[in-house]
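>>> What shape does this take:
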Amino acid sequence: MDISLFQKLTESELDNYLNDIDLALEFHIKWLAELNRTLLCHHQLDFNEESIFDLNNEYFNRWYNSVCDQELLDMPAFSSLNIIHGNMLNVARQLISTVANNEVICCKEYDRFTALAADLRHNIQLLKTKIKSDLKLVAKLMGKVFENAEEGVMITDAQSRILNVNQSFTSVTHYTKDEVIGKKPSILHSGHHDIGFYQRMWAVLTKEHRWQGEIWNRRKNNDIYPEWLSITAVFDDKGDVTHYIGIFSDVSTESEGNDRLYRLAHYDSLCNLPNRLLFYDRLRQSVSRSRRNDQRIAVMFMDLDGFKKVNDEHGHGVGDELLQQVSKRVVEVLRESDTIARIGGDEFTLIINDIDNIESINTIVEKILTSITEPHTVNQVSFHISASIGISLYPDNSEDMNTLVKQADIAMYKAKKQGKNCYKFFEKSME
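Numbers count the residues shown, from 1 in each chain. I've put the predicted structure just below:
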């Protein structure tokens, strides 16, 4: 369920709750109009005197006496309605009786009647405003949608402590409400995402007050599952965040299809590149194939230069678009047999297979750097960034996958220290 739909359904429940109040007010307005027409113009009533009082009294009492919410009963604006309504009926009866006897209407009595009518309308509007602003009552109305939603719903305070979850949350995560109340959503973290993922998520949420995307979480039984999550911030009248509402759908069902699940598990959702998991799987295959065929492979670690400044000055939305543009350019430079993966933030790893000689690696890396340094345009703003790349070779530097990546990372930092927008091959002396 989209967060806006959740809000609309909640507002619909609130509107339904207030509908009888509106109808009561509307009936009074019609009743007053007919009564005024009789009093001022000496027109005959369209129905007998008793019926006009009985209908009004019956409708009002049916609504008033049907209310059972203690929060509403305790509101002064609500309890005063019955008193005003009774006084209006008494004064109206006296005025009608005066007219029926062809007597002159007392101005004070008529002024009292109009004043009571104004008080009734004022108190009804006050009641509606109070209901909409009363957190307990609104929460009760929201609860109808909250508990019956097919999607999991989690409400936290401004410090991200869980205040409430619905039944669907329990069904998906296998955690009971008592097990999560007071804790933070990190209880669900699967370890699938690095700290940068959550930092970017909160940066977007802080700036735009809303975040949505695919995320992997962990059930109580340690099963890891993908979900589509929407988070929105709730503000008070001063503009301060009071709550966060998270709504998620479990997308691990068979109807989603194996292909979709595979992409969720193995690809970065922002740049549509292989993630860390798929990168190591492909590196494992490359090492095995190179060992059989006695060929070299190059493992590269690439970090963008100046990207943090773009994020800080222009926001993560612009930064995300920039990452996507960089990814597309590098993919166009590489061969189909090669791999570029995004492992977090502005960090990428690459696998270059079937290396004939060092010169061929130089050619590929220089093409990558050139493609990145060409200006990027986002929202009609031109950006100039570069990259630093570290390279380790199989089997020259190591035959172990983790060591190859670590060596490439070390060489990348040497490239940054050398002045950025360049590349360095790993050397034993760098350790």
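>>> domains in this structure, as residue ranges please.
Per automatic domain parsing, the structural domains of the chain span 3-134, 149-260, 270-430.
>>> any idea how far residue 242 is from residue 177?
Distance, residue 177 to residue 242, by CB to CB, to the nearest Å: 21 Å. Every C-beta, even on glycine, is put in place using the N, C-alpha and C of the backbone.
>>> Just say which of the domains of the chain is most tucked in.
Highest mean neighbour count of those: domain 270-430, a mean of 17 (counted as mean count of other CB atoms under 10 Å).
>>> mind checking the end-to-end distance for that one?
For domain 270-430, the first-to-last residue distance is 33 Å (CA to CA, to the nearest Å).
>>> Off-centre distance for it?
32 Å (CA atoms, centre = their mean, to the nearest Å).
>>> so where's the chain shaky on pLDDT?
1-72, 128, 130-149, 253-264 (pLDDT under 70).
>>> which stretches of it form strands?
Secondary structure of the chain (DSSP state E): strands located at 152-157, 162-165, 210-218, 224-235, 241-250, 296-305, 339-344, 347-355, 376-378, 381-383, 386-394, 422-425.
>>> possible to save those strands as JSON lines with distance to residue 400?
As requested, those are exported to JSON lines (distance: least, CB to CB, whole Å):
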{"stretch": "strand 152-157", "distance to residue 400": "42"}
{"stretch": "strand 162-165", "distance to residue 400": "42"}
{"stretch": "strand 210-218", "distance to residue 400": "27"}
{"stretch": "strand 224-235", "distance to residue 400": "27"}
{"stretch": "strand 241-250", "distance to residue 400": "38"}
{"stretch": "strand 296-305", "distance to residue 400": "11"}
{"stretch": "strand 339-344", "distance to residue 400": "18"}
{"stretch": "strand 347-355", "distance to residue 400": "15"}
{"stretch": "strand 376-378", "distance to residue 400": "36"}
{"stretch": "strand 381-383", "distance to residue 400": "38"}
{"stretch": "strand 386-394", "distance to residue 400": "9"}
{"stretch": "strand 422-425", "distance to residue 400": "18"}
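>>> wait, which of those strands is closest to residue 316?
Residue 316 lies closest to strand 210-218 among the strands of the chain, at 9.9 Å (CB to CB).
>>> what's in contact with that closest one?
With contact meaning CB atoms under 8 Å, 6 or more residues apart in numbering, strand 210-218 is reached by 3, 173, 188-193, 201-202, 204-205, 224-233, 248, 251, 264-265, 269.
>>> Repeat that for stretch 194-201.
Contacts of stretch 194-201 with the rest of the structure, by CB under 8 Å, 6+ apart, involve 211, 213, 231, 316, 320, 343, 344, 345.
>>> And the residues you listed, which is closest to residue 160?
residue 231 (10.0 Å).
>>> for that closest one, what are its contacts?
Shown in contact with residue 231 (CB under 8 Å, 6+ apart): 3, 201, 205, 210, 211, 212, 244, 245, 246.
>>> From residue 209, how far out is it?
Residue 231 sits 9 Å away from residue 209, going by CB to CB.
>>> Also residue 307?
Distance from residue 307 to residue 209, by CB to CB: 24 Å.
>>> cool, and residue 252?
Where residue 209 is concerned, residue 252 sits at a distance of 28 Å (CB to CB).
>>> Residue 82 now?
Residue 82 is 42 Å from residue 209, where distance means CB to CB.
>>> Over to residue 353?
45 Å.
>>> can you check residue 112 too?
50 Å.
>>> cool, residue 77 as well?
Using CB to CB, we find residue 77 at a distance of 32 Å from residue 209.
>>> got it, and residue 80?
Using CB to CB, residue 80 is found at 38 Å from residue 209.
>>> what does residue 404 give?
43 Å.
>>> Equivalent analysis for residue 415, please.
Plainly put, residue 415 is 39 Å away from residue 209 if you go by CB to CB.
>>> with the contacts of residue 231 in mind, which one is nearest to residue 127?
residue 245 (26.6 Å).
>>> State the distance from that closest one to residue 186.
For residue 245, the distance to residue 186 equals 17 Å [CB to CB].
>>> Bridged to residue 152, which residues?
Beta bridges link residue 152 to residue 248 when assigned by DSSP bridges.
>>> For it, give me its contacts.
Applying CB under 8 Å, 6+ apart, the residues near residue 152 are 165-166, 168-169, 171-173, 227, 246-250.
>>> In CSV, list those along with distance to residue 425.
Below are the contacts of residue 152 laid out as CSV (distance: CB to CB, whole Å):
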residue, distance to residue 425
165, 52
166, 55
168, 53
169, 51
171, 53
172, 48
173, 47
227, 42
246, 46
247, 49
248, 45
249, 47
250, 46
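>>> And those residues, which is closest to residue 330?
residue 227 (29.9 Å).
>>> Identify the bridge partners of the closest one.
Under the criterion used here (DSSP bridges), residue 227 is bridged to residue 215, residue 250.
>>> ok, now which ones touch it?
Residue 227 makes contacts with 152, 172, 214, 215, 216, 217, 248, 249, 250, 251, 252, as judged by CB under 8 Å, 6+ apart.
>>> can we see that at 10 Å?
151-152, 172-173, 188, 213-217, 246-252, 264 (CB atoms under 10 Å, 6 or more residues apart in numbering).
>>> thinking again about what came up before, closest to residue 358 among the contacts of residue 231?
residue 201 (40.9 Å).
>>> Roughly how far does that closest one sit from residue 120?
50 Å.
>>> What of residue 353?
Going from residue 353 to residue 120 by CB to CB gives 82 Å.
>>> Look up the closest residue to residue 126, ignoring the ones flanking it.
Spatial nearest neighbour of residue 126, excluding adjacent residues (CB to CB, 6 or more residues apart in numbering): residue 77 at 4.4 Å.
>>> That neighbour is in contact with residue 121, isn't it?
No - with contacts counted by CB atoms under 10 Å, residue 77 stays clear of residue 121, the gap being 11.7 Å.
>>> Quick check: neighbours shared by the two?
Contacts common to residue 77 and residue 121, judged by CB under 10 Å, 6+ apart, are absent.
>>> Residue 171 and residue 190: what is the separation?
In this structure, residue 171 and residue 190 are 18 Å apart, going by CB to CB.
>>> Please read the previous query as pertaining to residue 410.
From residue 410 to residue 190 the distance is 29 Å (CB to CB).
>>> likewise residue 213?
Distance of residue 213 to residue 190, given as CB to CB: 14 Å.
>>> same deal with residue 376?
Look at residue 376 and residue 190: by CB to CB, they are 33 Å apart.
>>> do the same with residue 112
The value you get for residue 112 to residue 190, if CB to CB is used, is 69 Å.
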